[in-house]
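>>> sequence-free structure coming up:
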């Protein structure tokens, strides 16, 4: 490499590292905001049911759910014990991040059967999430 080429490569590397750190900071900010929202949603579901266990969340690129109009997709997963049932049921709540805000997209739950069957959850789930999101604002 020539002497001129090395300084240019160093400048390019520094610019790329600065850009990637701000991108990483942005990703961390999105992750932190979703973690906070997920905690509030879990707390609201705990109040409305006989219990929540194994809560965890995941943030993915929007191509995971192409039908969601969002920059990022957040998934909150947990097991819920309804007040009128003895068993635990897996639940997934899907959120979309767009223009600096998280919005609820839909929820899925697993129906009890011999073979696991996932189906879109009803409006009760949306009401619980809406209460949690309203309390966070």
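Ah, there it is. Computed from a predicted structure; not experimentally measured.

>>> Pop out the phi and psi values for residue 118.
Main-chain torsions, residue 118, degrees, to the nearest 10: phi -90, psi 140.

>>> list the contacts for it?
92, 108, 109, 110, 111 (Cβ atoms under 8 Å, 6 or more residues apart in numbering). Every C-beta, even on glycine, is put in place using the N, C-alpha and C of the backbone.

>>> what helices or strands is the helix or strand that contains the second one leaning on?
Here residue 108, judged by DSSP states H and E, is contained in strand 101-111. Contact analysis of strand 101-111 by 3 or more Cβ pairs under 8 Å, 6 or more residues apart in numbering; DSSP states H and E lists helix 5-48, strand 72-80, strand 89-98, strand 117-120, helix 123-136 as its packing neighbours.

>>> Out of the contacts of residue 118, which end up buried?
In those, burial by neighbour count holds for 92, 108, 109, counting by 16 or more other Cβ atoms under 10 Å.

>>> got any ranges where this structure has weak pLDDT?
1-27, 136-137 (pLDDT under 70).

>>> List the contacts of the residue sitting nearest the centre point of the chain.
Compute the mean C-alpha point of the chain, and by Cα atoms, centre = their mean the closest residue is residue 74, 1.9 Å away. By Cβ under 8 Å, 6+ apart, residue 74 lies in contact with 34, 37, 38, 57, 58, 59, 60, 94, 95, 96, 97, 102.

>>> Could you provide those residues in JSON lines, with additional columns for distance to residue 127?
Shown next, in JSON lines, are the contacts of residue 74 (distance: Cβ to Cβ, whole Å):
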{"residue": "34", "distance to residue 127": "20"}
{"residue": "37", "distance to residue 127": "16"}
{"residue": "38", "distance to residue 127": "17"}
{"residue": "57", "distance to residue 127": "20"}
{"residue": "58", "distance to residue 127": "23"}
{"residue": "59", "distance to residue 127": "24"}
{"residue": "60", "distance to residue 127": "25"}
{"residue": "94", "distance to residue 127": "16"}
{"residue": "95", "distance to residue 127": "15"}
{"residue": "96", "distance to residue 127": "18"}
{"residue": "97", "distance to residue 127": "21"}
{"residue": "102", "distance to residue 127": "17"}
